[in-house]
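Chemist: Got a predicted structure here, sequence first:
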Amino acid sequence: MSNFFPLYRTQSSDFITRYIHRISQTRNHTALKMLHAHLLTSALLFTSPHFHAKLIISYAKCLPQHNLHTLTNFFKCMKPNSELPFNVLISDLCRNGFNFLALKTLSFMHCSGVSIDTYALCSSLTAASSIQDVSFGREIHAHVAKSGWCSSVFVGSALIDLYAKSLLIGDADRMFDEMPLRNTVCANALLSGYSDAKLWAEGVELIRKMPALSLEYDHFTLSAALRACAGLGAVELGRQVHGYLIRSVYDAGSDVFLLSSLIEMYGKCGMVAKAWRVFNFVGKGEGKRDVVMWTSLLGVYGRNGYYKQVIELFKDMLMEGISPDGVAFVTVISACAHTGQLQLGVEYFESMQLEFSLKPGPEHYSCLVDLLCRAGELGKAWKLVDEMLNKGDTSCTVPMWGALLNACKDHGDLELGRLAAQRALELNPHNDGIYVLLSNLYARFGMWDEINHLRELMKEKGLRKDVAYSWIEVTD
């Protein structure tokens, strides 16, 4: 064995770490076992807790997922009276995406009587949050309550984050209220949950309460406030947040995410010119107006129906040397569809892979189908979808079939429309929008019996078309 590793006795731990990383990348199981054996026989394995963690991660990448046998064998080589190697292991497993194994490591610590500190608890709660394992998170919460770690703001923040990401907003609220000590991170975790659940009013209320709770606003808090204002259409409150931002945030022009939130807030409130002024305030220059800000501005113009300007802005973005992302392509291809620029939209779609090495997703194919349909090319749209199906492509989505169905309604193609509706309902039998589009198609041909049958079918399935609504802000 020593012939294979002649340098290990003289090389540093960094050399071994790099070698483990290389084996992990190549997924060479045989080389990994040989290295493991050498580290055991030379006792190097016990010189650093990081070796255990990196070896386990390498085994997890080389072997079938959730290989608990390998994990258990490693535990036998670790000191059960010290929490340090286990803490390092849980943290590394979380960072590398092996959240299931991280939770199993915590279970082993608990069953073996190893002391569990805030480091292990926070990492494990992060793992539970990543895989939406609320039941395991509740078990950790019970352990936290019994062991007296509720006073830790770090553990409390991790618990709020777990419940918020699982949309258990009531549990996140209670956890926040019961914490004896709170900081801005705790409030931000709860604000994130409100935002995901679209509870904009609750988010605004919490932000207003933060000064009374001696909690300061940070950049994340202000971004959450702007998202809430956008969700409520509360442009006056958004202006107040903007004013606070200017007065309180040093060099606000350097925070592109905060400025993007500001642009989107004005855009969703219909104030396109104001969004443009915020964008233009940043000015040109390296690192100033990045793809995030450009994509936000494109979205603002697209949502408000300024499709020609979207295409011009997209060209300006390319001229400024910014590589567009997938979201930007969705916006510009959709703009081409609304302005009837078929050839330009197809060119942008093809450039994704050819020029920017971006793989088109289902949303891009949906935009392409819509582009073809709006141009009256139903045959080409059907051919595209049919080719994707024949290749076993899973990108065919309900919006794609819906775009084809809507075009069939506009162009009076009954048979193709029926087929598109059938395929869409196979993917999602409870999509009420498809039933409405099919009903509109039947109405064009005066097929009232079929429409009545669809209504009865929707009643049987308990489906109802959502009633649309709009927010307006009434000021003095």
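Modeler: Alright, I've got the coordinates.

Chemist: How about whatever helix or strand residue 94 lives in, which residues are buried there?
Modeler: Remark: residue 94 resides in helix 84-95, with elements defined by DSSP states H and E. Neighbour counts over helix 84-95 (16 or more other Cβ atoms under 10 Å) mark 85, 86, 87, 88, 89, 90, 91, 92, 93, 94 as buried. Using the backbone N, CA and C atoms, a C-beta is placed for each residue, glycine as well.

Chemist: And for stretch 211-230?
Modeler: 215, 217, 220-230.

Chemist: mind giving me JSON lines with these and columns for secondary structure?
Modeler: Output for those, formatted as JSON lines (DSSP: H, G, I helix; E, B strand; the rest coil):
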{"residue": "215", "secondary structure": "coil"}
{"residue": "217", "secondary structure": "coil"}
{"residue": "220", "secondary structure": "helix"}
{"residue": "221", "secondary structure": "helix"}
{"residue": "222", "secondary structure": "helix"}
{"residue": "223", "secondary structure": "helix"}
{"residue": "224", "secondary structure": "helix"}
{"residue": "225", "secondary structure": "helix"}
{"residue": "226", "secondary structure": "helix"}
{"residue": "227", "secondary structure": "helix"}
{"residue": "228", "secondary structure": "helix"}
{"residue": "229", "secondary structure": "helix"}
{"residue": "230", "secondary structure": "helix"}
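
Chemist: Could you measure from residue 158 over to residue 124?
Modeler: Separation of residue 158 from residue 124 (Cβ to Cβ, to the nearest Å): 9 Å.

Chemist: if we can go back for a sec, from the buried residues of helix 84-95, pick the one nearest residue 108.
Modeler: Distance to residue 108, by Cβ to Cβ, is smallest for residue 86 among the buried residues of helix 84-95, at 7.7 Å.

Chemist: Wait, the closest one touches residue 115, no?
Modeler: No - contact criterion Cβ atoms under 8 Å: residue 86 and residue 115 do not qualify, at 9.4 Å.

Chemist: same for the helix or strand containing residue 266, what does it pack against?
Modeler: Per DSSP H and E, residue 266 falls inside helix 256-268. Counting contacts by 3 or more Cβ pairs under 8 Å, 6 or more residues apart in numbering; DSSP states H and E, helix 256-268 packs against helix 219-232, helix 235-248, helix 272-282, helix 291-303.

Chemist: 7 Å - rerun?
Modeler: helix 219-232, helix 272-282, helix 291-303 (3 or more Cβ pairs under 7 Å, 6 or more residues apart in numbering; DSSP states H and E).

Chemist: Just send those helices back as TSV, with distance to residue 342 and mean pLDDT too.
Modeler: TSV is the format used below for these (distance: least, Cβ to Cβ, whole Å; pLDDT from 0 to 100):
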stretch	distance to residue 342	mean pLDDT
helix 219-232	33	94
helix 272-282	26	90
helix 291-303	18	94
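
Chemist: and of these, who's closest to residue 167?
Modeler: helix 219-232 (15.7 Å).

Chemist: circling back: tell me which of the helices and strands packed on helix 256-268 lies nearest to residue 424.
Modeler: Here helix 291-303 is closest among the helices and strands packed on helix 256-268 (Cβ to Cβ), at 24.2 Å.

Chemist: What residues of the closest one count as buried?
Modeler: 292, 293, 294, 295, 296, 297, 298, 299, 300, 301, 302.

Chemist: Which elements pack onto it?
Modeler: So helix 291-303, by 3+ Cβ pairs under 7 Å, 6+ apart, packs with helix 256-268, helix 272-282, helix 307-319, helix 326-339.

Chemist: from the chain's centre, how far out does it sit?
Modeler: Counting by Cα atoms, centre = their mean, to the nearest Å, helix 291-303 is centred 18 Å from the centre of its parent chain.

Chemist: now that we're looking at the nearest residue to residue 457 once chain neighbours are set aside, how far away is residue 15 from it?
Modeler: Distance criterion Cβ to Cβ, 6 or more residues apart in numbering; nearest residue to residue 457, sequence neighbours excluded, is residue 435 at 7.4 Å. Per Cβ to Cβ, residue 435 is found 64 Å from residue 15.

Chemist: same question, residue 238
Modeler: The gap separating residue 238 from residue 15 is 55 Å, by Cβ to Cβ.

Chemist: Tell me how far stretch 219-230 lies from the chain's centre.
Modeler: That offset, for stretch 219-230, works out to 17 Å (Cα atoms, centre = their mean).
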